[in-house]
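Trainee: Got a predicted structure here, sequence first:
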Amino acid sequence: MTTGRIYERMAVVGFGLIGSSVARIARERGVVGEIIAVDASEKHRERIEALGLADRVTGDIAEGVAGADLVVFAVPVLAMGEAMAAAAAALAPGATITDVGSVKGSVAEALAASAPDNVFVIPGHPIAGTENSGPDAGFAELFDGRWVILTPDDGREDPAYAEAVAKLASFWRGCGAQVEVMDVKHHDLVLAITSHLPHLIAYNIVGTASDLEGVTEGEVMKYSAGGFRDFTRIAASDPTMWRDIFVANKEAVLEVLGRFTEDLQALSRQIRWGEADKLHDLFTRTRAIRRGVIALGQESAEPNFGRDRGKH
Ligand SMILES: NC(=O)C1=CN([C@@H]2O[C@H](COP(=O)(O)OP(=O)(O)OC[C@H]3O[C@@H](n4cnc5c(N)ncnc54)[C@H](O)[C@@H]3O)[C@@H](O)[C@H]2O)C=CC1
Ligand SMILES: O=C(O)C(=O)Cc1ccc(O)cc1
């Protein structure tokens with residue numbers, strides 16, 4: 001598929017799994033003219049050069065974003081504010097500033113805090129990723145058919161801002177994604193249950209299994225069935241990225257965790273009292289949800305489908 005050029009120069013600040021995937025697909029589809037990679041890690045900059053993923057590579061944020069009409073911040077959530085502050089004075093008037101952070105409330109605030117008035121800040125989040133990180137882990141097909149949620153500032157009513165939102169949505173569609181606009185707070189609640197809590201559960205179950213007296217770590221790995229293996233994949237996700245997500249989305253995560261804990265207590269009671277029908281009812285309901293997800297095309301029936309792409 002070919003799409004016309006939407007932005008002349010895209011600067012990607014933080015050129016890891018997500019940033020390099022955006023660059024790969026944007027170049028492949030011709031939706032941007034020039035790509036500037038900005039990354040704080042010298043090792044990553046060397047890899048970006050070696051892989052030929054950008055037209056220019058720099059460690060200097062201000063130098064990298066200068067003259068860009070699209071700036072994509074793809075650093076860990078708690079690093080967004082500082083990165084934006086370093087970019088602010090160099091941003092081109094009329095530029096669109098977006099991000100890919102997994103939490104939107106705190107990131108939207110952090111971006112707005114130092115953004116000049118003459119740019120369009122439109123926070124975003126592609127709901128696509130893997131447990132891998134760094135520029136080698138990215139791949140062009142990552143966003144294919146996936147959702148990208150944009151959380152524009154609903155206090156800005158000028159037509160130029162609406163136009164900038166529409167243009168950014170076209171960019172993501174050009175990268176193969178589907179676009180939805182959502183309120184920041186709602187985004188953080190939805191993602192707390194669909195993404196953040198599942199990761200917390202994975203981190204916890206793998207931790208519990210490795211600490212369990214009477215069962216060796218060797219046995220845990222040797223006899224792990226599919227379910228536990230899936231948890232170990234998720235629990236291998238980047239520690240910095242996930243630390244930041246839980247710190248930044250504290251309120252929504254604690255809210256869904258409270259509900260989850262209550263439901264887990266109820267399950268525990270059903271097991272204790274042999275309430276087999278109640279267990280069966282829940283498992284029937286959850287099976288229908290999974291089948292609904294597959295019917296919507298959000299997941300393959302094959303376990304681990306596409307998950308090993310971009311592994312290094
Ligand atoms: N990994 C995933 O599956 C997904 C991640 N996200 C979000 O995307 C963002 C990036 O995540 P990944 O690409 O997975 O991480 P990553 O670790 O692969 O890439 C982050 C890159 O940013 C660079 N970096 C860190 N701090 C920096 C700074 N202050 N200035 C310049 N460069 C800096 C790192 O050197 C690294 O190359 C995060 O905010 C995360 O929440 C969103 C969707 C999926
Ligand atoms: O690898 C997985 O299972 C993921 O869930 C990827 C992912 C991680 C964080 C996001 O904000 C969005 C997607």
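Mentor: Done, it's in. Ligands and ions are numbered 1, 2, ... in the order given.

Trainee: Could you check how far residue 283 is from residue 210?
Mentor: To residue 210, residue 283 is 27 Å away according to C-beta to C-beta, to the nearest Å. Bear in mind the C-beta positions are built from the backbone N, C-alpha and C, glycine included.

Trainee: So those two - more neighbours on which side?
Mentor: Ranked by neighbour count (other C-beta atoms under 10 Å), residue 283 and residue 210 place residue 210 first, with 13 against 10.

Trainee: just checking, the more buried one touches residue 219?
Mentor: No - between residue 210 and residue 219 there is no contact under C-beta atoms under 8 Å: 10.9 Å.

Trainee: residues bridging contact with those two, i.e. touching both?
Mentor: Residues touching both residue 210 and residue 219 by C-beta atoms under 8 Å, 6 or more residues apart in numbering: none at all.

Trainee: So for stretch 29-40, what gets flagged as buried?
Mentor: Buried residues in stretch 29-40, defined by neighbour count with 16 or more other C-beta atoms under 10 Å: 29, 31, 32, 35, 36, 37, 38, 39.

Trainee: Quick one: end-to-end distance for that stretch.
Mentor: 27 Å (C-alpha to C-alpha, to the nearest Å).

Trainee: Now do that stretch, average pLDDT.
Mentor: Averaging pLDDT along stretch 29-40 yields 98.

Trainee: can you check stretch 222-234 too?
Mentor: On average, stretch 222-234 scores 85.

Trainee: Flag every buried residue along that stretch.
Mentor: For stretch 222-234, by 16+ other C-beta under 10 Å, it's 228, 231, 232, 233, 234.

Trainee: Work out for me the element the third one sits within.
Mentor: Taking DSSP states H and E as the criterion, residue 232 maps to helix 226-235.

Trainee: what about the helix or strand following that helix, near ligand 1?
Mentor: Counting by DSSP H and E, the next helix or strand C-terminal to helix 226-235 is helix 239-248. Yes - using C-beta under 6 Å from any ligand atom, a contact is recorded between helix 239-248 and ligand 1, made by 241, 245.

Trainee: Alpha carbons only: can I get helix 239-248 in CSV?
Mentor: Extracted in CSV, the C-alpha atoms of helix 239-248 (Å, rounded to 0.1, in the frame of the first residue of the first chain):
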residue,chain,number,x,y,z
PRO,A,239,11.7,-2.9,33.7
THR,A,240,12.2,0.9,33.2
MET,A,241,9.2,1.2,31.0
TRP,A,242,6.9,-0.7,33.3
ARG,A,243,8.2,1.0,36.5
ASP,A,244,7.3,4.3,34.8
ILE,A,245,3.8,3.1,33.8
PHE,A,246,2.8,2.0,37.3
VAL,A,247,4.2,5.2,38.9
ALA,A,248,2.4,7.4,36.3
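
Trainee: packing partners for it?
Mentor: helix 105-114, helix 197-211 (3 or more C-beta pairs under 8 Å, 6 or more residues apart in numbering; DSSP states H and E).

Trainee: deepest of those helices, which one?
Mentor: Greatest average neighbour count among those goes to helix 105-114 (a mean of 20), per mean count of other C-beta atoms under 10 Å.

Trainee: so what strands line up beside the helix or strand immediately after that one in the chain?
Mentor: Counting by DSSP H and E, the element after helix 105-114 in chain order, helix or strand, is strand 120-121. Partner strands for strand 120-121, per DSSP bridges, with pairing direction: strand 96-99 (parallel).

Trainee: Distance from the chain centre to the partner strand, please.
Mentor: 15 Å (C-alpha atoms, centre = their mean, to the nearest Å).

Trainee: Kindly tell me how buried residue 16 is, as a neighbour count.
Mentor: For residue 16, the count of nearby residues is 24 (other C-beta under 10 Å).

Trainee: swap that for residue 162, sorry
Mentor: Neighbours of residue 162 (other C-beta under 10 Å): 13.

Trainee: In a helix, residue 185, correct?
Mentor: Yes - when DSSP: H, G, I helix; E, B strand; the rest coil is applied, residue 185 is found to be in a helix.

Trainee: Quick one: residues contacting it.
Mentor: residue 105.

Trainee: near ligand 1, anything from stretch 215-233?
Mentor: No - using C-beta under 6 Å from any ligand atom, stretch 215-233 never reaches ligand 1; the gap is at least 11.7 Å.

Trainee: Tell me the spacing between the spatially most central residue of the chain and residue 94.
Mentor: The chain has residue 102 as the residue nearest its centroid, 4.5 Å off, counting by C-alpha atoms, centre = their mean. Shown here: residue 102 relative to residue 94, a distance of 28 Å by C-beta to C-beta.
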